[in-house]
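K.L.:
kindly generate the corresponding structure for this input.
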Amino acid sequence: MIAICPLSVVPVRKEPSDRSEQVTQLLLGDLVEIKAEDGAWRKISVFEDGYEGWVDVKQLLPLSDEEALMSNASSASYCDSLTAEI
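P.N.:
Numbers count the residues shown, from 1 in each chain. Now for the predicted structure:
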């Protein structure tokens, strides 16, 4: 499943816990692949740089299959139009 970061900055954690070390961060419009679930946490891989980590599910916006296809075709312009609606 593909998701987009709908917030200006989202911490990406080493483990699925708010107390875990932050390994990177997502910025508004970043696209990620959801690789696993653990309660309210999602293990993600960032498309841009391949970083992996855990994000609280409340900080991601899942994309439909159609939206995911559109995002792959033109990531920058699609993200601009999608985040403008948020």
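
K.L.:
and the nearest residue to L63 once chain neighbours are set aside, how many neighbours?
P.N.:
Distance criterion C-beta to C-beta, 6 or more residues apart in numbering; nearest residue to L63, sequence neighbours excluded, is I2 at 4.8 Å. All C-beta spots, glycine's among them, are computed from the backbone N, C-alpha and C. By the criterion of other C-beta atoms under 10 Å, I2 has 18 neighbours.

K.L.:
ok, I2 - contacts?
P.N.:
If you count contacts by C-beta atoms under 8 Å, 6 or more residues apart in numbering, I2 has them with L31, V32, E33, I34, P62, L63, E67, A68, S71.

K.L.:
just checking, the second one touches P6?
P.N.:
What it means is V32. No - in this structure, V32 is not within contact of P6 by C-beta atoms under 8 Å, at 11.6 Å.

K.L.:
may I have the secondary structure class of L69?
P.N.:
At L69 the chain is in helix, as set by DSSP: H, G, I helix; E, B strand; the rest coil.

K.L.:
and the biggest strand by length in the chain, what does it pack against?
P.N.:
Looking across the chain with DSSP state E, the single longest strand is strand 31-38. Under the contact criterion of 3 or more C-beta pairs under 8 Å, 6 or more residues apart in numbering; DSSP states H and E, strand 31-38 touches strand 2-4, strand 41-46, strand 52-56.

K.L.:
swap the cut-off to 10 Å and go again
P.N.:
Contacts defined by 3 or more C-beta pairs under 10 Å, 6 or more residues apart in numbering; DSSP states H and E place strand 31-38 against strand 2-4, strand 41-46, strand 52-56, helix 65-73, helix 75-85.

K.L.:
where does this structure dip in pLDDT?
P.N.:
Per-residue confidence for the chain (pLDDT under 70) gives these ranges: 71-86.
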